[in-house]
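A.B. asks: my questions are about this predicted structure, shown below with the sequence.
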Amino acid sequence: MFSKTKLSKHLAQELLLVSTLRPTTGGCVHTRIQQILLSAGVVLLLVHCGSSTSTTSPSSGPTVSSLATTGGTTINTSGTTGIAIDSAFTLTFSEAMLSSTASTSNITLTCSSAQTVTIAGVTSGDTSTAFTITPSTSMPTGTACTLSVSAGVTNASATAVTAASYTFTTASASTPTASLSGTVLSTGSSGTIATSGTTDISGATTAPLTLTFSTAMSNSTVTAGTTFQCPSGTSLSPTLATADNTIYTITPTAALPQISNCVLNLAETIEDSNGNALAATSYNYTTGCSTSDDFSNSSTLSSCWTAANASGATIAIAGDVLNMSTSTTSGFSFVQENKTFANDNVTVTVSIPTFSGINSSNDICGLWIQDESSQQTGIMALVEPDGGNIVINAAYVDGSSDNLSASLGAGSDSSVLAGTLFLKIAQSGTSLTVSYRVGSSGAFTDIVTKTVNYGSSKKIGLLLKSDGTGTTNCQYANFTVTGGTATGQY
C-alpha cells in the first residue's frame, strides 16, 4: 500500500504523463484519468470525454480499378499471357483523375526495355476515369511486360492514387499460314487452289478468290505484299477486301481470260498482327471456259468448243478469229459450245469479218440456237446466196424458212459489205428475234421474230455449210453471250 504522501506523488506523476498524450493516438485521455483516480479510491462526480460516438477512420484514396487491352482482354495483376504485340490498353481508375498527372512520367510500360507510349483520356476534359495507353511501336514477342502506375497520378483534390503494376506476357512468335480457294466451274462450288496448280477455276468478277490466313494479319502488309498476274506475266490489280484481317476476297476488275494460267504471289513481307512474317507463297491455277469467246486463245477450241459433222473441214483459231473452211464435205459442218445453257433469256452476237465461197444454196455461214433435247427445234441467222446476191435469212433448224431476208449486195463473199457483218439472236421467253448489222456500231436490223418453245436447256453454235463443189470459208470473231451463263462456264 502507498502512504498518502507516496500515493499523492504517484498519482501526480500518472496524471502528468497522461495529460501529455494526444487524443488522436487512440482512446480517450479523460477515460485514462478516470481509471487512475478510481484506482486511488477517488470518487468522481463527473467524467466527460466528448461525444459518445466512436471516431471512424478516414476514407481510402483513389485506386487503379483495372487494366485491359482495347480489344477486351482483361489483364490480371498476377499476370496474363498471349497479349498481342500491337495491343493498346485501357487503364481504369476508381474515380476521375487529373489528365495532367496521368502522364508518361507517372504511367510507364517496360518490356525488355522501356516502351514509348502515348496516353489519352477516354473522355474529354481535365479529368477522366479511364485512359488509353498506346505503345508507339509493337512490343517484342514472347516477352514479359509491366505497366506501372505511380502515386504521381492524382485526383482533382491532389489525392494520390495507390501505386499499382500489371505484368503480362506478349504472344510468342509463330509463322502464319495461308490458303486460297476459288469457284470450280465443273461443280459450281468452292475448291482449294493448290500451290502446284489447279484447273477449271472461274475468272468471273462475281466469283472472287478467297484468301484465308491462320490468324489476323497486318492489313497494310497484305495489301502491299499481294500481287496477281493473269495470264502469267501480265500484272493485274484486283480488289482486296476483308472484314476481319483474316479472310480476304480477291476480285478482278474485269473477267479474267479463259484457259489462262494465273499466279497469286504472297511476299514474305506480309506479317500477322504480332509482326510474324508469312513464308513467301505462290498459287498457280488455270481459268476454265467463259461463256463468251474473243478467240484470242487457241486453247479454247479444244477446251471450250466441240466440233460436230466436221469431217473434211478445217477448224482453227488464229489471229483472234475462228476459221472454218471446207472444200470436200457436202452438208453441214459446225462447232457448238460443249456446255449447256439453261433456258433463260440470252442474247448472242458474233461478227463475221470475212466469208467466201457462198455460191450455191448449200453454201452457208451462220449462227444458231438449238434445243438441247430436240435438234429440230431452233432458229438460225444465215449468210447465204440468193440469185447472185448475199442475203441474211432467218430459218428454223429443221430447214424450213420464213423467206424473210435482207440483201447485202451482189457477189459471193464479204467484199460486198462496207464493213464487218454482225449476226444476233435475242431470246425473250419463247420469243426469238434474228437481226444483223454491218459495221462496228449502229442499230441492228431485225429480220424476223418467231416463237420457239425450247425445253429446259439449249445449245448455241456457229456453223459452216458447203455443197462440196468448191471451198467455202467462214470466219468468226467476238462471240458474245449476255443474259445467261452456260453450265460449267463463267
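C.D. replies: Cool, the structure landed.

A.B. asks: rest of the way, CA atoms for contacts and neighbours
C.D. replies: OK.

A.B. asks: can you check the pLDDT for the closest residue to I352 other than its chain neighbours?
C.D. replies: Excluding its sequence neighbours, the residue lying closest to I352 (CA to CA, 6 or more residues apart in numbering) is Y476, at 4.7 Å. Y476 is assigned 96 on the pLDDT scale.

A.B. asks: also I36?
C.D. replies: I36 is given a pLDDT of 42.

A.B. asks: which ones are touching S174?
C.D. replies: Contacts for S174 (CA atoms under 8 Å, 6 or more residues apart in numbering) come out as N276.

A.B. asks: for it, phi and psi?
C.D. replies: S174 adopts backbone torsions of phi -150, psi 150, taken as degrees, to the nearest 10.

A.B. asks: helices along this structure, start to end?
C.D. replies: 4-19, 29-39, 219-225, 299-304 (DSSP state H).

A.B. asks: just to revisit the earlier point, tally of neighbours for the residue nearest to I352?
C.D. replies: For Y476, the neighbour count with other CA atoms under 10 Å is 26.

A.B. asks: now T127
C.D. replies: 21.

A.B. asks: same check, this time on the one 4 residues further on
C.D. replies: When neighbours are counted by other CA under 10 Å, F131 registers 23.

A.B. asks: before we move on, what about G203?
C.D. replies: 31.

A.B. asks: how about N453?
C.D. replies: 14.

A.B. asks: what's the spacing between it and G197?
C.D. replies: 43 Å (CA to CA, to the nearest Å).

A.B. asks: what is the burial count for D244?
C.D. replies: Neighbour tally, D244, other CA under 10 Å: 11.

A.B. asks: could you do A158 as well?
C.D. replies: Neighbours around A158, by other CA under 10 Å: 12.

A.B. asks: cool, G125 as well?
C.D. replies: 9.

A.B. asks: confidence score at the closest residue to it other than its chain neighbours?
C.D. replies: The shortest distance from G125 to any non-neighbouring residue, by CA to CA, 6+ apart, is to S99 (7.9 Å). Here, the pLDDT recorded for S99 equals 96.

A.B. asks: so who does the residue nearest to I352 touch?
C.D. replies: Applying CA under 8 Å, 6+ apart, the residues contacting Y476 are V321, L322, N323, V350, S351, I352, P353, T354.

A.B. asks: from those, which is closest to V383?
C.D. replies: Comparing these against V383 with CA to CA places I352 closest, at 9.7 Å.

A.B. asks: so what are the domain limits for the protein?
C.D. replies: Taking automatic domain parsing as the criterion, the chain consists of the domains 4-39, 64-170, 178-287, 299-482.

A.B. asks: nearest to G488 among these would be which one?
C.D. replies: That would be domain 178-287 among the domains of the chain, by CA to CA, at 4.7 Å.

A.B. asks: okay, now the unreliable bits of the stretch 351-490 of the chain?
C.D. replies: Within the stretch 351-490 of the chain, the stretches with pLDDT under 70 are 374-377, 397-405.

A.B. asks: those strands in it, which residues are they?
C.D. replies: Under the criterion DSSP state E, counting those that start in this stretch, the stretch 351-490 of the chain contains strands at 355-356, 364-371, 378-386, 389-396, 401-410, 421-428, 431-438, 445-451, 457-466, 472-482.

A.B. asks: S181: which of those strands is closest?
C.D. replies: Checked against CA to CA, the stretch from these lying closest is strand 472-482, at 26.6 Å.

A.B. asks: that closest one vs strand 378-386, what angle?
C.D. replies: 150 degrees (axes from the mean of the first three to the mean of the last three CA atoms, to 10 degrees).
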